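Colleague: this is a predicted model, with the sequence first.
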Amino acid sequence: MSTKKRKKSSKKNQEKASAFSLLINWSLRLIVLGLVVFLLFFSAVHMGAFGPMPSDEDLKNLINSQASEIYSQDGQLIGRYFLENRSEVKLADISPDLVHALVATEDSRFYEHRGVDHQGMLRVLVKSIILGQNAGGGSTISQQLVKNVFGRKNHGWLTMPAVKAREAAIANKLNEIYTKDEILELYLNTVSFGEDTYGIKTACERFFSTSPAEIKTEQAAVLIGMLKAPHSYNPRLNPERSKTRRNVVLGQMEKAGYLTADQASELKELPLEIDYNRNISEAHSAQHLTQHLKQRIQKWLEDNPNEAGETYQLETHGLKVYTTIDSRMQQYAQEAVVAHLDRLQKAFDTDLKQQDKWSKEIDATLQAGFLVTDPHTGHVRAWVGGRDFKTSQYDHILSERQVGSVFKPVVYAKALEDGYTPCDFIPNRQIEYTQYDGWTPQNSDGDYTGSYSLLGGLTHSINTISVQLLMESGIEDVIAFAEKLGTSSDLPEVPSIALGVANMSVQEISRLYTPFANAGWQHEQVIITRIEDAEGEVLFTHELKPSEQVVSEKVAGQITNMMQSVANQGTARRLRSWYGLQGPIAGKTGTTQNHADGWFVGYTPDWLGVVWVGADNPGLHFSSIKDGQGANMALPIWSKFYQKVQADPELKQKMHSSFPFPNDVSCELYQEDNFLQKTFRKKLKKNRDSGLEDEGSEEAEEEQPQKKKKRFWDIFKKKKK
């Protein structure tokens, strides 16, 4: 090679060496710069540039948001209040299968690292970033716990590196403060399973109706399998995908040595079966109740802060609220409401379509309010504020509607207090009350002949008798008497209050009837008996107020006996003839203007039930009294509930077989004036027995009953000829 060529080659080698040296130099500079940037970035994370870092003290006092729980008097969970639907459970009460499935699937080196699995992070770096394969997120249980507790914030294009660095730093600190078992307990109480369900206790209840201690191995694998993608592996929504994922978890448990090959194989062959229980706090049976209680509880909490002056938070402090509700009676009450309204709604829709006022844009859903109490203690046993909380959050136990004839026992009780007896007879006459603009009450059957005993007047809910008794006692005195019994509404000072033109709530009617069912004594209505904090310390215990005798025991017994006649042979006789109810029952039906509201109040020796049925819009109603009367709209709910209670062996065993006083009211209901009137009464009785009787609503004031009566006399005279 010539000298010239050698020089040229040497120059090229020098240039290559220089370029390589420059590359190495810049590479080192970039690496150093990267390390500096990384350290600066990590320092910024530690300094709180991407969100405040919790102190050691914060981590030592780590408190999860806990749902407060509502319990029935028989120990059943009936509701929760939560920001996140979470309840705490100790690791000792969690099946080892859940822990084994979690560690095997989510963090196989959990017991080896100190919060961050560097080997796992390297795997993610190589497979996910360099090779483009799916190798998972690389987050340990500790890092996932940090995410569950502290959440993540958006930092633009720096979001992922920022949150990962922050979670890694906090995870390391967690492992310095907590043991591995404590971290597992914290994690299992905070992790999300979708469907607004947080924590293993809530998940076990939701998907398998069991507890974390009692859950089976294959069920544990289903729940842990959901953690990768709660919606995709939801066993209710995607059962096949969930089963496949379950078997992957079982395989991981076998690989980690928690299951033998035979055990894993046997479990993989099992079908996927769930016992789904949408959290009871969302069940229709108690949501109107829990919403009502929420306002009362929050008011008490605001008025009673803890020793540090802090207010307990219902959604986060894990309180336990104990109530007087009987879970079985609550369930039966809701079932009775739904079953009857399902049937009644079909008839209602058909009727409305024949009326000019109906249109598809109008909400014509029938609703109901049903309140069951123990009249001897004032304890609420069941509270159903509507058919379906999702479609109507309006609580129909608290809403005020026209009460119709269910107010009449108040008028009769006042007359008895004033000296009348159940067997005193009142002429069945139309009277024009000139001092009230000539107002004249009318009977729905068009009959104004003969006389009714007080027993007969209430049994058949005769308007003219009720108004005469009201006027005898005095309107103001009857209103004062109603207030003494327990009403709080402003009652209009008009004679038509005897027919129920006043507006009251189901709860208020329940208070009105309590003294009749309780030998004249009125009790405070009680729902909440005790409130405890998350550690079981009692914060509140209900102290009963003294009872008050608001009507004599004699009159209460007479009204009860007279209302038994209503159930046996009066406007509520469907209890016996249609539903075959056999036990002691006192009842009263009620129907209001244009059949907009149907009522039934009934009580046994043990419980008092008040039912209202109607549309939220009073302008929507049945076109005829046959369908729109309280005996058809409301009484069936009470009857179906009674049947369910009687069919429950445990509840039936607690029930008494008779009222505590004898039924000694025995007299004729009606006395005819002559033969023609007697024949007319037989015709009316036939109509009543056929279920065509209007129970004496104030609607009769606007009808023309004389035409009905005249038609009957015309027919009778023709037959006589």
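Modeller: Sure thing, it's come through.

Colleague: contacts, neighbours, all on C-alpha from now
Modeller: Will do.

Colleague: since we're on residue 406, how many residues are nearby?
Modeller: 28 (other Cα atoms under 10 Å).

Colleague: same check on residue 185?
Modeller: So residue 185, with other Cα under 10 Å, has 21 neighbours.

Colleague: which element, helix or strand, includes it?
Modeller: helix 180-188 (DSSP states H and E).

Colleague: quick check: buried residues in that helix?
Modeller: 180, 183, 184, 185, 186, 187, 188 (16 or more other Cα atoms under 10 Å).

Colleague: dump those into JSON lines; add distance to residue 629 and pLDDT as well.
Modeller: JSON lines is the format used below for those (distance: Cα to Cα, whole Å; pLDDT from 0 to 100):
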{"residue": "180", "distance to residue 629": "67", "pLDDT": "92"}
{"residue": "183", "distance to residue 629": "62", "pLDDT": "90"}
{"residue": "184", "distance to residue 629": "61", "pLDDT": "93"}
{"residue": "185", "distance to residue 629": "58", "pLDDT": "91"}
{"residue": "186", "distance to residue 629": "57", "pLDDT": "87"}
{"residue": "187", "distance to residue 629": "57", "pLDDT": "90"}
{"residue": "188", "distance to residue 629": "55", "pLDDT": "93"}
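
Colleague: circling back to that earlier point, helix or strand right after the helix holding residue 185?
Modeller: Following helix 180-188 in sequence, per DSSP H and E, is strand 197-198.

Colleague: that following strand packs against which elements?
Modeller: Applying 3 or more Cα pairs under 8 Å, 6 or more residues apart in numbering; DSSP states H and E, we find strand 197-198 packed against strand 85-86.

Colleague: can you tell me the element residue 565 falls in?
Modeller: helix 553-569.

Colleague: same deal with residue 145?
Modeller: helix 141-150.

Colleague: please identify the buried residues of that helix?
Modeller: Those would be 141, 142, 143, 144, 145, 146, 147, 148, 149, for helix 141-150 by 16+ other Cα under 10 Å.

Colleague: and stretch 234-253, by the same measure?
Modeller: Applying 16+ other Cα under 10 Å to stretch 234-253 flags 234-235, 239, 242-253 as buried.

Colleague: for the buried residues of helix 180-188, which two are the farthest from each other?
Modeller: The span of those, defined through Cα to Cα, is set by 180 and 188 at 12.4 Å.

Colleague: about what we covered before: pull the residues that contact the helix holding residue 145.
Modeller: 64, 106-107, 110, 115-116, 167-168, 170-171, 174-175, 183-184, 186-187, 190-192 (Cα atoms under 8 Å, 6 or more residues apart in numbering).

Colleague: try 7 Å this time
Modeller: With contact meaning Cα atoms under 7 Å, 6 or more residues apart in numbering, helix 141-150 is reached by 106, 107, 115, 167, 168, 170, 171, 183, 187, 190, 191.

Colleague: got the angle between it and helix 180-188?
Modeller: Put simply, helix 141-150 runs at 40 degrees to helix 180-188, going by axes from the mean of the first three to the mean of the last three Cα atoms, to 10 degrees.

Colleague: and helix 141-150, how far from the chain's centre?
Modeller: Helix 141-150 sits 33 Å away from the centroid of its parent chain (Cα atoms, centre = their mean, to the nearest Å).

Colleague: going on from it, what's the next piece of helix or strand?
Modeller: Using DSSP H and E, the first helix or strand after helix 141-150 is helix 159-177.

Colleague: what about residue 630, distance to residue 574?
Modeller: 11 Å (Cα to Cα, to the nearest Å).

Colleague: in terms of neighbours, single out the busier of those two.
Modeller: A count of neighbours by other Cα under 10 Å puts residue 630 above the other of residue 630 and residue 574, at 35 against 21.

Colleague: residues touching the more buried one, list them.
Modeller: Residue 630 touches 589, 590, 591, 598, 599, 600, counting by Cα under 7 Å, 6+ apart.

Colleague: pLDDT wise, what is it at?
Modeller: For residue 630, the model assigns a pLDDT of 96.

Colleague: chain neighbours aside, what residue packs nearest to it?
Modeller: Counting by Cα to Cα, 6 or more residues apart in numbering, residue 630 lies nearest to residue 598, which is 3.9 Å off, once chain neighbours are set aside.

Colleague: just residue 248 next, same as before
Modeller: Nearest one to residue 248, counting by Cα to Cα, 6+ apart, is residue 225 at 7.9 Å.

Colleague: tally up the residues packed near that neighbour, please.
Modeller: 28.

Colleague: cool, residue 308 as well?
Modeller: 6.

Colleague: against which helices or strands is the helix holding residue 565 packed?
Modeller: helix 408-417, helix 454-459, helix 506-517, strand 586-591 (3 or more Cα pairs under 7 Å, 6 or more residues apart in numbering; DSSP states H and E).

Colleague: need the three-state assignment for the residue most central in space within the chain.
Modeller: Centroid check for the chain by Cα atoms, centre = their mean gives residue 287 as the closest residue, at 1.8 Å. For residue 287, the reduced secondary structure class is helix; criterion used: DSSP: H, G, I helix; E, B strand; the rest coil.

Colleague: how far away is it from residue 295?
Modeller: From residue 287 to residue 295 the distance is 13 Å (Cα to Cα).

Colleague: same deal with residue 547?
Modeller: Applying Cα to Cα to residue 547 and residue 295 gives a distance of 25 Å.

Colleague: can you map out the helices along the stretch 251-400 of the chain?
Modeller: 261-268, 284-303, 327-353 (DSSP state H, counting those that start in this stretch).

Colleague: circling back to that earlier point, okay, the buried residues of helix 141-150 in TSV with distance to residue 542 and pLDDT next?
Modeller: As requested, these are exported to TSV (distance: Cα to Cα, whole Å; pLDDT from 0 to 100):
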residue	distance to residue 542	pLDDT
141	44	89
142	43	85
143	45	85
144	42	85
145	39	83
146	40	81
147	41	80
148	37	73
149	36	74
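
Colleague: run through the stretch 101-250 of the chain and note the low-pLDDT ranges.
Modeller: 120-138, 151-162 (pLDDT under 70).

Colleague: and the nearest residue to residue 506 once chain neighbours are set aside, what does it touch?
Modeller: The shortest distance from residue 506 to any non-neighbouring residue, by Cα to Cα, 6+ apart, is to residue 397 (4.9 Å). Residue 397 makes contacts with 369, 370, 371, 385, 505, 506, 507, as judged by Cα under 7 Å, 6+ apart.

Colleague: who wins for most neighbours among these?
Modeller: residue 385 (31 neighbours).

Colleague: ok so, going back, which of the buried residues of stretch 234-253 lies closest to residue 666?
Modeller: Residue 666 lies nearest to residue 235 out of those, by Cα to Cα, at 63.8 Å.
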